[in-house]
Structure formats: C-alpha cells, structure tokens
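In: I'll drop the sequence and a predicted model, then ask my questions.
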Amino acid sequence: MGTPARPGEADIKLEVDGIPMIVSAGTSVMRAAALAGVDIPKLCATDSLEPFGSCRLCLVEIDGRKGTPASCTTPCGPDMVVTTASPRLARLRRGVTELYLSDHPRDCLTSDTHGECELQGMAATVGLSDVRYGFEGKNHLDAHKDESNPYFTFDAAECIACSRCVRACDEVQGTFALTIAGRGFDSTVAASAGESFMASECVSCGACVQACPTTALQEKTVIELGPPQRSVLTTCAYCGVGCSFKAELRGDEVVRMVPQKDGGANEGHSCVKGRFAWGYASHRDRQLSPMVRESITDQWRTVSWDEAISHAASRLMAIQAEHGVLSIGGITSSRCTNEEVFVVQKMIRAAFGNNNVDTCARVCHSPTGYGLKQTMGTSAGTQDFASVDQADVIVVIGANPTDGHPVFASRMKQRLRKGAALVVIDPRRIDLVRSPHIEAAHHLQLHPGTNVAIVNAIGHVVVTEGLVDRAFVAQRCEADSFALWEEFIARPENSPEATEQITGVPAEQVRAAARLYATAPNAAIYYGLGVTEHSQGSTMVMGMANLAMATGNIGREGVGINPLRGQNNVQGSCDMGSFPNELPGYRPVGDDTARRVFEQLWARTLDPEPGLRIPNMFDAALAGSYRGMFIQGEDIAQSDPNVKHVKAALASLDLLIVQDLFLNETAAFAHVFLPGTSFLEKDGTFTNAERRINRVRPVMAPKSGKQEWEVACELATAMGYPMHYAHGSEIMDEIAATTPTFAGVSFAKLDEVGSLQWPCNASAPDGTPTMHVDGFVRGKGHFVETPFVATDERTSRTFPLILTTGRILSQYNVGAQTRRTANVQWHGEDVLEIHPHDAEERGIVDGAAVAIISRVGQTVLRARVADRMPQGVVYTTFHYPSSGANIVTTDYSDWATNCPEYKVTAVQVATTSQTPVSEQALQDLGVGQR
C-alpha cells in the first residue's frame, strides 16, 4: 500500500485515474491509488514506515495543483482528481530511475534477482532497458562491502540511500543504530558512528534487511542458496511473543524466515532469534534416531522406534508393578505445541494412571496462574499486545523486554516515544531506564526479594491519598474483600517511609510513582520472572492485581496486568493441564464434574488426587518411591535450581526417558532417548503471552520420522491404553471438546482468521483480546491481603552479596537452540555483572575469572565490572551449561506454587585462577548445609 493506514471514518471523496474513492483523513494519495488497484511506482515508500518522499518515483499530477507532487507524502483532499500515469510522468520516472542505475552495479538490469531487487522491477515498470549516462563518472561502485554480521551483508555499492533501512531501525525497531552520513552525492548509510554492523548498536532484528528495496542489505543464506521459491506460514518457537513468520524455502531447504506483516503478535517485526537463529534445526548435534542403554554409564545403542517404545513401555510397567502406580510420572515442555503437551498429560493421566505431571512453566510463571486466578478468576494476562498503544503510563516490574521480549519491547518503545510515561521497578538498570529517545520517569531500584513491600507501599499511597477508583471498586469488586485489603494496606508498616528500610527505595520516589500510576487515564503493568521467581511470587501477583483493581485499570485497552511469558508456549502448556492438581482449562482434578468429562471421552477412571510437582518428584526419587520419569523437551539438569540436588535425583531413577532435539545435560542421566521435532517440523499450535493461539505449520517432514504426539500415543498404547490420532487437528478438536476456553478453536478456524485469543467460545467466537471487560471471570474482583514476608535466603558475613539472574537478547533459555547458531558471536559465555565498589573491595578486575559460592554450590564465571546493578547485588545469565549458574541457586520457592526463587541467592564472589574452591573450604563456608 506504500504508506500506513490512517484510522478514522472514510469521508474524503476523490478520484484516482477516473476511479472514485472514499478514504479517511490523512490517507496518502499513494495508498488511495493502491486501494483503487492502481500501483504507483515507488522505492522509498512502504506501508510499514511513515512516508518520506525521497525517491521521486511516485510523482503524480493533481488537477489545479502545480508540479508533480510525491504521492506518498501528499494527503488526499476533498474532491481531489489524481492522474498517476501520463507521458510527462513516464518521462520523469524514467529519468529518475536512470539516475539511480547510473550509480548502481551494471548487471542490475540483466541479473536474475527473482524479484529481490525493487529497483530492477521499477526499471521494468518505467520501460528502461539501458542507461544513457554510462558508468564512467564518479560513483559508489567500489564502496566497501560490510560482511561483519553473521546473518546479512551490506553492499554499499547497491545502496540507493533511500533511508528505508534507517527509518525501519527508527520507527519499527527503535534502536536508532543506522543513519545517513554525509550530504548530497556523499550520502551513505552508516551504522552508529561509522562502525561495522557487528560493532555497532545494531541488534540484528532484520528490520533493515526487510525494508531494503535493493539487494544492498541481504541475508547470507539467500546469497548462498538463491532466492526462495515457496513459503509456509508458521510461528516462532522462541519467546512468549509468538511472532508469525513465513518460512521461505528452495525445495525442502529453509532459505530465510520473514516476519509476517499480518502476524497478530508482531505485525511484520522480528528479533535476531526468530529472524535468523533457526539453523539449530539442522545442526550436526541433533539426534534423529531413538537410543537406549541399560545404565547411564553405558554407551548409547541406536534402535528402531518400535524397540525404543517397547523397551520404554515394558520398563515403566515393570516399575509400577514393583513400586506402585504412583512411582512414575512426567514433565511436559513449554517449547512444544499445545497438541503435544495435551497428549503427554493425557498419557500420564490415562496410561500411567496418576497425576504426576508437571511442566517447566512451574519454574517461571506458576505464580501468575495462581495469583490471577485468585483475584480475577483466570490464569492469564488481561490484554493483547496492541493494548500498549493506548497506555498513558507503563509500569515494567521485574522484566527486561528489550532482551527477553524484544518485538513487544519495540512496540512499547514506540508508545513511550509518543508520550507515555514509564516506571521501571527492577534492581538492575535495564535498557528501558534510559535508551535513545526514552527515559523512565522513575526507576525504583529495589533490593532483590522486596517486590511485595514495594507494591504494598504503592497501594498504601493509593489508599491514603484518596486515589482509589471508588466507582470501579463498588461496581466490579467484592466489598468485603476490598474493605479488608483497604484496612491492611493503610497500616503504617506499609507506608513508603516504613518500607524504605526494606526496599532501599526512597519514599518520595515511591509516592511519585504511585501517584503517576493511579492518576493516569490508562495505566498498564507488564511484569516478568523478576516478579514470579521469588518466595512471594504469588503474593506479588495478587498485590499487582489489587493495585490494578483499586485504580480501575482493568477491562479496557491500555491497562491491565500483563505477564511476559518466557518460552514460546508457557501459556499453552499451562492451559493444557500440565499441573498435577489441574486438568486442561485449569479445572481441579478433584472436581468430579470436570473429571467426568475426560473420563467419559478417554474411557478411563482418573485419579482425583493431585500428583507430584517437580520438586516433590526429586525428593521422592531420592527417597526411593519415585522411580521412572518421562521428560518432554526440557533440560531440568541445567534449568532447575540447586543443580546438584536435581542431578542426584535423576541419577537415582531406575528409568529416565528424555525426548529432545539434542543430548542435553538431562540426557546424561537417561536410559531411553527419543528424538523430538523442531518447530519447522511441528504441526499444531502455540499460545503466546497474550493468550493468542497461533498455528505452527510444518515446513518439512519430521526428520526423526514421527511427530512428538505420535510418540506419546505409541508409548501409551504399548502400556495398554490405546491412543491414536490421524492428524494434529484431531487433538485440537479434543481440546476444544473438553476445555471451555478453547471451545471455538480448530485448525480450520485458525487457518481462516489467522489467530485467536482465548476464551474463544459461543459467546466470543472471534476470541477475546481484552479480558474482564464487563465483569471478572470469577464474578466480582477479589482483593487479597499481601503481607511482606522476607525470604529465608539471607545475606551474611560469609555470603554478603545477592545474586539474581536474567536473560540476554541473543540467547534463549538454557541456550540449547541459540548456542547452536551464530548468535554465540554476541554472547559466547555467561558473565557475572558486579558493581565497581564490590569488585574493588575484592580485588576483581574486568574480565577476570571469579568464583561464585553460595550455600549449595559454586561455579566460575568471568567478571564484568558495571554499575547496572546496585552495590551488593551481582547478576548473571544462565544460557551456558558450562557456567552452571543454577549450581549456586537454592531450592527455596514460592509458598503457593513451588516456583523456584532464582532471583535471590546469597553468594560470595572471589578471585580465582579457574581453580574451584576446595571441598574443605566449602565445608568451612557451610556450602551444602542449612
């Protein structure tokens, strides 16, 4: 369409090449022409960017107006009469195109670019077959070619300085890493201060590559393999944003991933992971055949699928025969599809005969499910991502969107640059606190583990300064629970002055942030693992819900409580019944009515008693009562806390079955390895952080020969419980038949509309972008008292620092995927950020190897001296198994859900020469003791 759409009623009448049109105010002549089916030649214009008017190809004639204005920058006017094609315009366009080609590689007109170069297409459109000016004058044909980025090249000789890449970096990504340097003939695209792309501030999101109208910016895979020939629409398998992509292929080989313009979550944008880091799917480390071994000290033996499944089934049944029906269980994966997760939990409940099923979502967002269900009635966030466009105040708590959810972060930054105010509550100075054209109004840099104290202090200000939305509370919330909460939150111990000693945040900063949030027309809260991964994670979620309800910031666009889910299908794995106490749709296993629905369909009596959570599985394994486990796509030996304890539990099992792409840290303890499928082979759905259900379509057949849900079905069948589906769509049909929030979902419906946000049912056939519009799911909003209880993990003279953990843009979770891509060039190891004061006190210099010692273990990392963390707090990521960050994290957890407390670990940091501290020294420090 050339330029973006303009909202509003279509009331401006005009005529384009004799075609009558009615458009909304602000619509460009170019877009009006496109809507009329008239394609005006263009190079600098694209409907993903604001009009710029630099290429001078889109000239038109307008009756009563002198000259030939650019159609992209000219808004439509009442009764305007536009001519897009005339001899005069054709002559002007040929001349402009000829000038471009005179400073362009000579073979542009004759080379076979398969439509990759828009300049070549424009030459054909204007009827240009040669260049009168020749190529001998001053030009840029010998300009430097920048190949520093591992994923794309920048060939300055092919650049036409149209600024599309610069504008994409500005308007879409918001990094401002590119600019046009020089003037006139010397104008050229430059990364940062004339650096290479790799050395610059470029975050490799691909927006510039996507925007480039020539082949100046081009993917190296396209250069190597040739332009794609076909595409398949699918969904990214990284973070909880859930971006839609076109996987473009030559034959059966992926050439590139292109963000889908109509993607509900990303609207044509992407990040370095989704756009480029998909090569792990064909990495040499990938295992494609089933393997078995008797002991974990034996070598693996490759076997057929039939032998592997028969062996696993017979061993599981033998364990149950000897140790009882509750002696086995399994873990589902938030990286797998809804259909795969549903079938695995069904296998455990119907074939294993128990509820010993849990999910990796437990270790990240289980407090979200608990807290939001208690207060509002549903275990999910309240808004869609587009809602942030209407927010006047944005509060980011315990989240780092630019690294963890970068595509949503770009959208948030767009809103902030348009005037929304930002409050960041985080111990670390994340990029959003201050970055190009953005600065937080308040950064409440609290001590780790004091979230509840800070949210109570904000609530105290709201109540005591008369900022409660009394009308909303009276209409939408329980009077009794509000009265109890109001009395609790108004107590002096919850005041900013009283909590200042706990949180370390000055009282006036808290009061100012509270007033800003409570008085905004629309205020939204976005939070992440810095909220949930605490001993009071569930309490904090309820505290934020209290705050949103008290101020009326629920039930419309621009407000809400919005969890930023970590992995691609955290929401879906929870929705599908992956918890030991809940069936699909968050219904208790003890609910006779809900359980009967599944018993009738599955023809199997189900256990009404909740099963074991992951921590309970570990304890029971060490106690000898839990002997066999099936783990789907999760590396718990790296991702779970207190790794020493986890590995001891895994080593004690009689049978461990691991289904994954790679032989990961957990597979070191496995007796059966079943190969999994990458997202490029999956056929199903993911559900993102905004409850959006997206189709995941297979780009190629499963390299292992089977879909993962087929493997679970065959294992269940081999254990005596027949399970079979002809296609993944049949699994979704069963989900829809048994889970009320998915009642209207089907593959056919998703293929028709693109995506749906649950609840999707008879009353909301097109899904629900915003929750709790007319009333809460539970009826009336429920307030909960949230007393602050300090974590049992405390600093001491022996362990004086607090370690907290997080993620980085280029890597993902435990790194199993991203470490097998060129993303390692940005982040080749986990490092420890330490404040200059703490470093100097310990004689630590930047880049030195340091030992991090906690009460449960130790590891060695390289130090990065930086002031992003406050004094007394250190920070690291957990993407590399070699760093073993979770060796030192404790097994303290959330009181309601057992979500591990990754964010608060008391440690000591000391210089080392890569030699671990001696066992005797560890004993002297009390490591491993409580």
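Out: That came through, no problem.
In: Residue 31: what's it in contact with?
Out: 1-5, 23, 47 (C-beta atoms under 8 Å, 6 or more residues apart in numbering). For glycine as for every other residue, the C-beta is placed from the backbone atoms N, C-alpha and C.
In: Out of the residues you listed, which end up buried?
Out: The neighbour count (16 or more other C-beta atoms under 10 Å) marks 1-4, 23, 47 as buried among those.
In: out of those, who's nearest residue 80?
Out: Of all the buried ones among the contacts of residue 31, residue 80 sits closest to residue 23, with 10.1 Å by C-beta to C-beta.
In: Report the beta-bridge partners for the closest one.
Out: Beta bridges link residue 23 to residue 12 when assigned by DSSP bridges.
In: Is it correct that it is in contact with residue 34?
Out: No - assessed by C-beta atoms under 8 Å, residue 23 is found out of contact with residue 34, at 10.7 Å.
In: I'd like to know how many residues surround residue 139.
Out: By other C-beta atoms under 10 Å, 14 other residues sit near residue 139.
In: Check residue 244 too.
Out: Using other C-beta under 10 Å, residue 244 is surrounded by 25 other residues.
In: can you give me phi and psi for the closest residue to it other than its chain neighbours?
Out: Closest residue in space to residue 244, ignoring its immediate chain neighbours: residue 263 at 3.0 Å, by C-beta to C-beta, 6 or more residues apart in numbering. When quoted as degrees, to the nearest 10, the phi and psi of residue 263 stand at phi -60, psi 130.
In: again with the one 10 residues further on
Out: Per-residue torsions, residue 273: phi -70, psi -60 (degrees, to the nearest 10).
In: Report pLDDT for the residue nearest to it when sequence neighbours are not counted.
Out: Counting by C-beta to C-beta, 6+ apart, residue 238 is the residue found nearest to residue 273 once chain neighbours are left out, at 4.6 Å. According to the prediction, residue 238 has pLDDT 93.
In: got the contact list for residue 238?
Out: Per C-beta under 8 Å, 6+ apart, neighbours of residue 238: 271, 273-274, 277, 567-568, 812, 817.
In: Filter the residues you listed down to just the ones in strands.
Out: Judged by DSSP state E, the contacts of residue 238 include no members of strands.
In: Now distance to residue 319 and pLDDT too, for these, in CSV please.
Out: As requested, the contacts of residue 238 are exported to CSV (distance: C-beta to C-beta, whole Å; pLDDT from 0 to 100):
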residue, distance to residue 319, pLDDT
271, 43, 96
273, 39, 96
274, 40, 96
277, 39, 96
567, 30, 87
568, 32, 88
812, 34, 90
817, 32, 92
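In: spatially speaking, which residue is in the middle of this protein?
Out: Taking C-alpha atoms, centre = their mean, the centroid of the chain lies closest to residue 239, which sits 2.6 Å from it.
In: How about the contacts made by the closest residue to that residue other than its chain neighbours?
Out: Nearest residue to residue 239, sequence neighbours excluded (C-beta to C-beta, 6+ apart): residue 405, at 5.4 Å. Contacts for residue 405 (C-beta under 8 Å, 6+ apart) come out as 239-241, 399, 528, 564, 689.
In: Over to residue 319?
Out: Residue 319 makes contacts with 327-328, 627-628, 654-655, as judged by C-beta under 8 Å, 6+ apart.
In: quick one: what helix or strand has it in it?
Out: Assigned by DSSP states H and E, residue 319 falls within helix 305-323.
In: pLDDT averaged over that helix, what's the number?
Out: 98.
In: What of stretch 450-461?
Out: pLDDT averaged over stretch 450-461 gives 98.
In: ok now it, how far from the chain's centre?
Out: 27 Å (C-alpha atoms, centre = their mean, to the nearest Å).
In: for the stretch 151-300 of the chain, what spans make up the strands?
Out: In the stretch 151-300 of the chain, the strands defined using DSSP state E, counting those that start in this stretch lie at 152-155, 178-181, 188-191, 217-219, 230-235, 244-250, 253-259, 291-292.
In: no wait, the stretch 1-150 of the chain
Out: Ranges of strands in the stretch 1-150 of the chain, per DSSP E, counting those that start in this stretch, are 10-16, 19-24, 61-62, 80-83, 145-146.
In: can you redo those as CSV with distance to residue 861 and mean pLDDT?
Out: Listed next are the strands of the stretch 1-150 of the chain as CSV, based on distance: least, C-beta to C-beta, whole Å; pLDDT from 0 to 100:
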stretch, distance to residue 861, mean pLDDT
strand 10-16, 59, 93
strand 19-24, 56, 95
strand 61-62, 65, 96
strand 80-83, 63, 96
strand 145-146, 32, 94
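In: export these to a markdown table and tack on distance to residue 597?
Out: Shown next, in a markdown table, are the strands of the stretch 1-150 of the chain (distance: least, C-beta to C-beta, whole Å):
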| stretch | distance to residue 597 |
| --- | --- |
| strand 10-16 | 48 |
| strand 19-24 | 48 |
| strand 61-62 | 65 |
| strand 80-83 | 61 |
| strand 145-146 | 59 |
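In: tally of neighbours for residue 670?
Out: Using other C-beta under 10 Å, residue 670 is surrounded by 25 other residues.
In: Once you drop chain neighbours, what's closest to it?
Out: Nearest non-adjacent residue to residue 670, counting by C-beta to C-beta, 6+ apart: residue 658, 4.2 Å away.
In: can you check residue 528 too?
Out: Computed as C-beta to C-beta, 6+ apart, the closest residue to residue 528 that is not its neighbour in sequence is residue 399, at 3.0 Å.
In: on that earlier part again, so which two of the contacts of residue 31 are the farthest from each other?
Out: 23 and 47, at 14.0 Å, using C-beta to C-beta across these.
In: coming back round to it: can I have the buried ones of the contacts of residue 405 as a PyMOL selection?
Out: To isolate the buried subset of those in PyMOL, counting by 16+ other C-beta under 10 Å, use the following:
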select buried, resi 239+240+241+399+528+564+689
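In: what's the closest of the contacts of residue 405 to residue 890?
Out: Nearest to residue 890, judged by C-beta to C-beta, of the contacts of residue 405 is residue 528 at 20.3 Å.
In: Isn't that closest one up against residue 541?
Out: No - contact criterion C-beta under 8 Å: residue 528 and residue 541 do not qualify, at 11.6 Å.
In: Just read off the phi/psi values of the residue nearest to residue 528.
Out: Backbone geometry at residue 399, expressed as degrees, to the nearest 10, gives phi -140, psi 150.
In: Let me see the contact set for it.
Out: Residues near residue 399 by C-beta under 8 Å, 6+ apart: 405, 426, 526-531, 564.
In: What distance do you get for it to residue 222?
Out: Here residue 399 is placed at a distance of 35 Å from residue 222 (C-beta to C-beta, to the nearest Å).
In: With residue 119 instead?
Out: Relative to residue 222, residue 119 is positioned 16 Å away (criterion: C-beta to C-beta).
In: before we move on, the earlier item: would you mind naming the residues that bridge with the residue nearest to the centre of the chain?
Out: Bridge pairing for residue 239 (DSSP bridges) gives the partners residue 567.
In: how many neighbours does residue 67 have?
Out: Neighbours of residue 67 under the rule other C-beta under 10 Å: 7.
In: who's in contact with it?
Out: With C-beta under 8 Å, 6+ apart, residue 67 has no contacts at all.
In: From residue 596, how far off is the residue nearest to residue 528?
Out: Distance from residue 399 to residue 596, by C-beta to C-beta: 40 Å.
In: quick one: low-confidence ranges for this structure?
Out: The model of the chain has pLDDT under 70 over residues 108-115, 134-135, 913-930.
In: What helix or strand is residue 422 located in?
Out: According to DSSP H and E, residue 422 maps onto strand 421-425.
In: With that, I have no additional questions.
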